[in-house]
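1. return atomic coordinates for the entry below.
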Amino acid sequence: MSSSLNISCIQLAHAKDLPLPSYESGSAAGMDLRVALESPLTILPGQRALLPTGLKLAIPEGYEVQIRPRSGLAIKHGITMLNSPGTIDADFRGELHLIAINHGQEAFTVQHGDRMAQMVVQKVHQAQLIQVQELDETTRGEQGFGSTGVS
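-> Model (predicted):
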């Protein structure tokens, strides 16, 4: 990676035995997030669960943290993150939670310390909306929802 950014974090009591999120390879874009559970939690097919991480972050102004699914859990078990990517704003100071769903066909049990999601730090650009009477024309125009086809 070409640059580094420091993010202050607090590890809550129920996560003190867990390692901090880290990049699992040298070119990884996301840090794996572990869950901090008091006891195993089973997510039934079609069920959602709110999973605590035991972490609070002080994300620098001008940045966000995106919460994304882990591809291995998705393909092997049908486990993914709802509201994905989820945005953690720079002014949020509460505990990070993951919103998991089981799209698989079997129950999935989450254990304390399991790596369930990844967090990606992104620069944020705030925009100003300017109300106008017309927008510039494009070839696509108002066509959407699959208008460009699949092949």
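2. hey, let's count contacts and neighbours off CA atoms from now on
-> OK.
3. so where's the longest strand in this protein?
-> strand 48-58 (DSSP state E).
4. so what pLDDT did the residue of the chain most remote from its centre get?
-> Most distant from the centre of the chain: residue 133, at 37.0 Å, with distances by Cα atoms, centre = their mean. The model reports residue 133 with a pLDDT of 96.
5. begin at 856 from here
-> OK, 856 is where the count begins now, so the last one is residue 988.
6. for the protein, which residue is closest to the average position?
-> residue 922 (0.9 Å).
7. returning to what we had before: what sits against the residue farthest from the centre of the chain?
-> Residue 988 makes no contacts at all, as judged by Cα atoms under 8 Å, 6 or more residues apart in numbering.
8. that one in helix, strand or coil?
-> Under DSSP: H, G, I helix; E, B strand; the rest coil, the three-state class of residue 988 is coil.
9. what number of residues are in the vicinity of residue 920?
-> 22 (other Cα atoms under 10 Å).
10. repeat that for residue 941.
-> 17.
11. relative to residue 948, how far out is the residue nearest to it when sequence neighbours are not counted?
-> Excluding the flanking residues, the one nearest residue 941 by Cα to Cα, 6 or more residues apart in numbering is residue 922, at 4.8 Å. Distance of residue 922 to residue 948, given as Cα to Cα, to the nearest Å: 15 Å.
12. kindly report the same for residue 960.
-> From residue 960 over to residue 948 the distance is 36 Å, taken as Cα to Cα.
13. out of those two, which sits in the busier spot?
-> Between residue 960 and residue 948, counting by other Cα under 10 Å, residue 948 is the more crowded of the two (15 against 11).
14. perfect, I'm done here.
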